[in-house]
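Trainee: Mind looking at a prediction? Sequence and model below.
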Amino acid sequence: MKNLIMGTAALALSAGLAWADTVRMGTEGAYPPYNFINDAGEVDGFERELGDELCKRAELTCEWVKNDWDSIIPNLTSGNYDTIIAGMSITAERDEVIDFTQDYYPPTVSSYVAASDGVDVTGGVVAAQATTIQAAHVAESGATLVEFATPEETIAAVRNGEADAVLADRDYLVPIVEESGGDLVFVGDVPLGSGIGIGLRESDTQLRGKFDAAITSMKEDGSLNELLKKWFGEDTTTY
């Protein structure tokens, strides 16, 4: 019996320390400039650069794991990776399932984009990526919500007439609108969310503390603001 108890304790300890050797950073890889896959097939973007710096400051060895958005929380809780760093807004609903660090991206607005001005975003058909704060907002707004697995599909829905507008993070939409040659336009803003943080399992309090300390240090020395401006422009919201 004693051996069984000791073995169970050792297993629990080893599970808790599994990330001490390598922390697996889960991301979508499909939401530029937050995160995307570059031409070399590697995770890139604001969150890749930020995550690597946070791991360096926290003295952690990190590797990156790509996962589809619609299963990104279940695969965290089941142990397929140790963090979510994927443009995930901190919400009370998500906080009931996982834990979050402090925000590393301050609260900003989401925006509606359509093919022309004058679109009724409260009574028409609005596309949003599934299980996002934007999808939840559309569902409560009176508009007809059409959900898609990827952000690219939400844009395509507007282009092909399947949806009147799309609602997403403004920073994601800005380059798309700019590169559309006038085919897409902004038609409204709405403030959503409480900032973006790193998601972790609720049991990983020590790991959360390490990342919180690293985020704080980047806020204090100004390097986080520099990264925000590098990836989102000089006019982006900063700390």
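Mentor: Received the coordinates, thanks. Numbers count the residues shown, from 1 in each chain.
Trainee: Please count neighbours and contacts with C-alpha atoms only from this point.
Mentor: Noted.
Trainee: how about the longest helix anywhere in the chain: buried residues?
Mentor: Scanning the chain for the helix with the most residues, using DSSP state H, yields helix 205-221. For helix 205-221, a neighbour-count test (16 or more other C-alpha atoms under 10 Å) marks 207-208, 210-216, 218-219 as buried.
Trainee: now do stretch 190-201
Mentor: Residues 192-201 are the ones in stretch 190-201 that count as buried (16+ other C-alpha under 10 Å).
Trainee: Ok, stretch 88-108 next?
Mentor: 88-91, 98-108.
Trainee: Am I right that Glu147 sits in a strand?
Mentor: Yes - the assignment for Glu147 (DSSP: H, G, I helix; E, B strand; the rest coil) places it in a strand.
Trainee: pLDDT value on the closest residue to Gly195 other than its chain neighbours, please?
Mentor: In space, and not counting its chain neighbours, Gly195 is closest to Pro107: 4.0 Å by C-alpha to C-alpha, 6 or more residues apart in numbering. For Pro107, the pLDDT comes out at 91.
Trainee: Mind telling me what element Pro107 is part of?
Mentor: Under the criterion DSSP states H and E, no helix or strand holds Pro107.
Trainee: Outside of the host helix or strand of Ile72 itself, list whatever touches it.
Mentor: Applying DSSP H and E as the criterion places Ile72 in helix 72-77. Here helix 72-77 makes contact (C-alpha atoms under 8 Å, 6 or more residues apart in numbering) with 26-28, 81-84, 98, 200-201.
Trainee: is it true that Thr150 touches Trp69?
Mentor: Yes - between Thr150 and Trp69 there is a contact at 7.5 Å, judged by C-alpha atoms under 8 Å.
Trainee: What about the contacts of helix 72-77, which one has the most neighbours?
Mentor: Most neighbours among those, by other C-alpha atoms under 10 Å: Thr83, with 29 neighbours.
Trainee: For that residue, grab phi and psi.
Mentor: Main-chain torsions, Thr83, degrees, to the nearest 10: phi -140, psi 160.
Trainee: thinking it is in contact with Leu200, fair?
Mentor: Yes - counting by C-alpha under 8 Å, Leu200 is a contact partner of Thr83 at 4.9 Å.
Trainee: wait, what's in contact with the residue nearest to Tyr34 when sequence neighbours are not counted?
Mentor: Leaving aside its chain neighbours, Tyr34 sits nearest to Phe46 (4.9 Å; criterion: C-alpha to C-alpha, 6+ apart). When contacts are counted by C-alpha under 8 Å, 6+ apart, Phe46 touches 33-35, 227-228, 231.
Trainee: Likewise for Thr131?
Mentor: Thr131 touches Asp70, counting by C-alpha under 8 Å, 6+ apart.
Trainee: what does the model give the nearest residue to Ala165 once chain neighbours are set aside for pLDDT?
Mentor: Distance criterion C-alpha to C-alpha, 6+ apart; nearest residue to Ala165, sequence neighbours excluded, is Ala114 at 4.4 Å. For Ala114, the model assigns a pLDDT of 98.
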